[in-house]
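J.: okay, predicted coordinates and the sequence, questions at the end:
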Amino acid sequence: VKETWIIPVLNIEVELKWFTLFLLIFQNTILVLTMRYSRITPSEDGLVYLSSTAVVMAEIFKFFIALIGVFYENGRLYNE
């Protein structure tokens, strides 16, 4: 059974797996570009952050997004 999702802004119907794939590609591309830009741009105090910290924060963000997706798909927080 193919699960489809309608993108409200564009009013098109896509399979959920393709939408998720493109969303993750977009998220990872933005993450890489943002990290590269922020590492080459000098800050006012001269301090830089650890790249691993940014990666961990991105993974935590993705975890919560996935958790919201699971709750949305199941329609509730717990089994009755």
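T.: Structure's in. What do you need?
J.: tell me, how many residues neighbour G75?
T.: Neighbours of G75 under the rule other CB atoms under 10 Å: 6. From N, CA and C alone the C-beta is placed, and that goes for glycine too.
J.: how near is S52 to F63?
T.: Per CB to CB, to the nearest Å, S52 is found 16 Å from F63.
J.: list the buried residues for the helix or strand harbouring L31?
T.: For L31, the enclosing helix or strand under DSSP states H and E is helix 16-40. Residues F19, L31 are the ones in helix 16-40 that count as buried (16 or more other CB atoms under 10 Å).
J.: that helix - contacts with which helices or strands?
T.: Helix 16-40 sits against strand 4-7, helix 51-74, with contacts defined as 3 or more CB pairs under 8 Å, 6 or more residues apart in numbering; DSSP states H and E.
J.: what do you get if the cut-off is 10 Å, keeping everything else the same?
T.: strand 4-7, strand 12-15, helix 51-74 (3 or more CB pairs under 10 Å, 6 or more residues apart in numbering; DSSP states H and E).
J.: can I get those in JSON lines including mean pLDDT and distance to S43?
T.: Below are the helices and strands packed on helix 16-40 laid out as JSON lines (pLDDT from 0 to 100; distance: least, CB to CB, whole Å):
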{"stretch": "strand 4-7", "mean pLDDT": "61", "distance to S43": "37"}
{"stretch": "strand 12-15", "mean pLDDT": "66", "distance to S43": "40"}
{"stretch": "helix 51-74", "mean pLDDT": "83", "distance to S43": "14"}
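J.: R39 contacts L47, doesn't it?
T.: No: contact criterion CB atoms under 10 Å: R39 and L47 do not qualify, at 11.9 Å.
J.: ok, A58 - contacts?
T.: Q27, N28, I30, L31, V32, T34, M35 (CB atoms under 10 Å, 6 or more residues apart in numbering).
J.: check contacts around the second one.
T.: Under the criterion of CB under 10 Å, 6+ apart, the contact list for N28 reads A58, K62.
J.: swap in 7 Å and give it another go.
T.: If you count contacts by CB atoms under 7 Å, 6 or more residues apart in numbering, N28 has none.
J.: quick revisit: for L23, which of the helices and strands packed on helix 16-40 is the nearest?
T.: L23 lies closest to helix 51-74 among the helices and strands packed on helix 16-40, at 8.8 Å (CB to CB).
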